[in-house]
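Participant: Here is the input, now give the coordinates:
(one chain, ligands or ions: 2)
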Amino acid sequence: MAQTKRCYYEVLQVTRTVEFEEIKKSYRKLAVKHHPDKNPGDTTAEERFRELAEAYDILSDAEKRAAYDRYGHSAFQGGMGGGGGMHDPFDLFREMFGAAGGGGGIFDHFFGGGAGGDNGRGSDLRYDLQITLEEAFAGCEKEIELRKLDACGTCEGTGASKGAKVSTCSLCKGRGQVVASRGFFQVAQPCPQCRGEGRVIDKPCRDCGGEGRTAFGEKGREKVCAVLVGQVKRASSGGGEAGVRGGGKGDLYVVIHLKEHPVFSREGTDLHCTVPIPFVTAALGGEIEVPSLAGPVKMKVPAGTQGGSDFRLKGHGMPRLQSVAKGDLHVRLEVEVPTKLDENQRKALESFAELCGDHNTPIHRSFTERIRDLFS
Ligand SMILES: [Zn+2]
Ligand SMILES: [Zn+2]
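Facilitator: Ligands and ions are numbered 1, 2, ... in the order given. You can find the predicted model right below:
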């Protein structure tokens, strides 16, 4: 076990002397890359993902890191390294990127940090995709339509028209910055003539105004399934916007949302629904049909079932991650009392009441006793 483990520093691709911030940065980068949702069908992805979480858990904690540095993996044998005190890898991921369900966190990171990183790179895009519970259950492919800035076809992204000359900016001499004086201070500013590019094009492309990109509509298809609901999925690397004048492309992220369902509510892989039954069925017991996403399911109602009772139908919920097993269906029974009785029905119930006296209502009897105690 311990012998086959890879070195935590190696897993996180950092050196042994690196600061915490670097460890965090590296974890975030690698965890996004190896997230199982992004690597469907790749069985090593989840393994790598878990390995990363474990390495991060140890190396992000000063005490554990010190112990690891001294004793290696054996520092955590028989407890702390294996299970106790460790994050669930998926929880850790969510913590690091903010609640994935809400959507916001991960994008703030990518839009803010990633896009600004290399100069002129295109923006990452976010697409919010709504699917129904049935679609999530069965898995489906959805068409998505984006409008985005893509490389200009006329100038092929260069921003220059045919025969145009690209020359070093005369104002900033190619530095892209000019220094301005403000009172006692000298402040470096992006060059106004070349907008910080350091070079100028004498005849910019007319279709894109020299930016090298124009807005296009684009259609694509997106595969989704239940396990992706509420998660951020990087649909494609390079599926975002084109950069300025041939700068790198951003990425496209798809966030999958579930539409509300008229019958079922979802909680993880479990489904919940409320099913009304006649009060006679509740009293006598019987078999009823309850809905599930795979079709009606038969369910036994025991005699004497009270309203509000919960029943669990195993394996009739939503699919589970990387498994053929499914979650459960929770059925809450609502006992329906008839609002209209005809003459015969009323008589039958009256004679039923006479037969019962107060022998057949234990819940009511214990309630009456409690009230009596209260006032005596
Ligand atoms: Zn152009
Ligand atoms: Zn300039």
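Participant: Now residue 128: which helix or strand?
Facilitator: Applying DSSP states H and E as the criterion places residue 128 in strand 125-131.
Participant: For the helix or strand following that strand, buried residues please.
Facilitator: Per DSSP H and E, the first helix or strand lying C-terminal to strand 125-131 is helix 133-138. Buried residues in helix 133-138, counted by 16 or more other C-beta atoms under 10 Å: 133, 135-137. Where C-beta positions appear, they are placed from N, C-alpha and C, glycine not excepted.
Participant: residues in contact with helix 133-138?
Facilitator: With contacts defined as C-beta atoms under 8 Å, 6 or more residues apart in numbering, helix 133-138 is touched by 142, 224-226, 228-229, 256, 258-259, 261, 264, 266, 293-294, 318-319.
Participant: And stretch 149-160, by the same measure?
Facilitator: Counting by C-beta under 8 Å, 6+ apart, 122-123, 161, 166, 201, 203-208, 210-216, 218, 241-242, 244-246 sit against stretch 149-160.
Participant: Residue 206: neighbour count?
Facilitator: By other C-beta atoms under 10 Å, the residues close to residue 206 number 11.
Participant: Actually, residue 46.
Facilitator: Counted with other C-beta under 10 Å, residue 46 comes out at 18.
Participant: Now do the same for the residue lying closest to residue 157 once chain neighbours are set aside: its pLDDT.
Facilitator: Take residue 157 and drop its neighbours on the chain: the residue closest to it by C-beta to C-beta, 6 or more residues apart in numbering is residue 151, 3.7 Å away. Predicted confidence (pLDDT) for residue 151: 89.
Participant: Then residue 106?
Facilitator: 36.
Participant: which residues in the stretch 251-376 of the chain form strands?
Facilitator: For the stretch 251-376 of the chain, the strands defined by DSSP state E, counting those that start in this stretch occupy 252-258, 265-267, 270-278, 286-290, 297-301, 310-313, 329-336.
Participant: would TSV of those strands with mean neighbour count, mean pLDDT and distance to residue 354 be doable?
Facilitator: Converted to TSV, these look like this (neighbours: other C-beta atoms under 10 Å; pLDDT from 0 to 100; distance: least, C-beta to C-beta, whole Å):
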stretch	mean neighbour count	mean pLDDT	distance to residue 354
strand 252-258	21	85	52
strand 265-267	15	92	42
strand 270-278	17	96	22
strand 286-290	14	96	25
strand 297-301	15	96	26
strand 310-313	14	97	33
strand 329-336	18	96	22
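Participant: Just send those back as CSV, with distance to ligand 1 too.
Facilitator: Formatted as CSV, the strands of the stretch 251-376 of the chain follow (distance: least, C-beta to the ion, whole Å):
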stretch, distance to ligand 1
strand 252-258, 22
strand 265-267, 47
strand 270-278, 52
strand 286-290, 61
strand 297-301, 60
strand 310-313, 60
strand 329-336, 56
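Participant: The ones you listed: which one's closest to residue 8?
Facilitator: strand 252-258 (28.5 Å; C-beta to C-beta).
Participant: name the helices or strands packed onto that closest one?
Facilitator: Counting contacts by 3 or more C-beta pairs under 8 Å, 6 or more residues apart in numbering; DSSP states H and E, strand 252-258 is packed against strand 125-131, helix 133-138, strand 232-236.
Participant: hmm, who's touching that strand?
Facilitator: With contacts defined as C-beta under 8 Å, 6+ apart, strand 252-258 is touched by 103, 106-107, 110, 124-133, 136, 144, 146, 222, 224, 228-236, 239-240, 266.
Participant: all strands of the stretch 1-150 of the chain, in order?
Facilitator: So, for the stretch 1-150 of the chain - with DSSP E, counting those that start in this stretch - the strands run 125-131, 140-151.
Participant: Which of those strands sits closest to ligand 2?
Facilitator: For ligand 2, the closest of these is strand 140-151, at 23.4 Å, according to C-beta to the ion.
Participant: Run through the bridge partners of the closest residue to ligand 1 within the stretch 1-150 of the chain.
Facilitator: Closest to ligand 1 within the stretch 1-150 of the chain is residue 150: 11.0 Å, counting by C-beta to the ion. On the basis of DSSP bridges, residue 150 is bridged to residue 214.
Participant: In which helix or strand does residue 223 reside?
Facilitator: Going by DSSP H and E, residue 223 is in strand 213-224.
Participant: So what touches that strand?
Facilitator: 40, 122, 127, 129, 131, 135-136, 139-153, 157, 207-208, 235, 239, 241-245, 254, 256.
Participant: Over to stretch 31-45?
Facilitator: 46, 48-49, 52-53, 56, 92-93, 96, 223, 227-228, 231, 233-234, 321-322.
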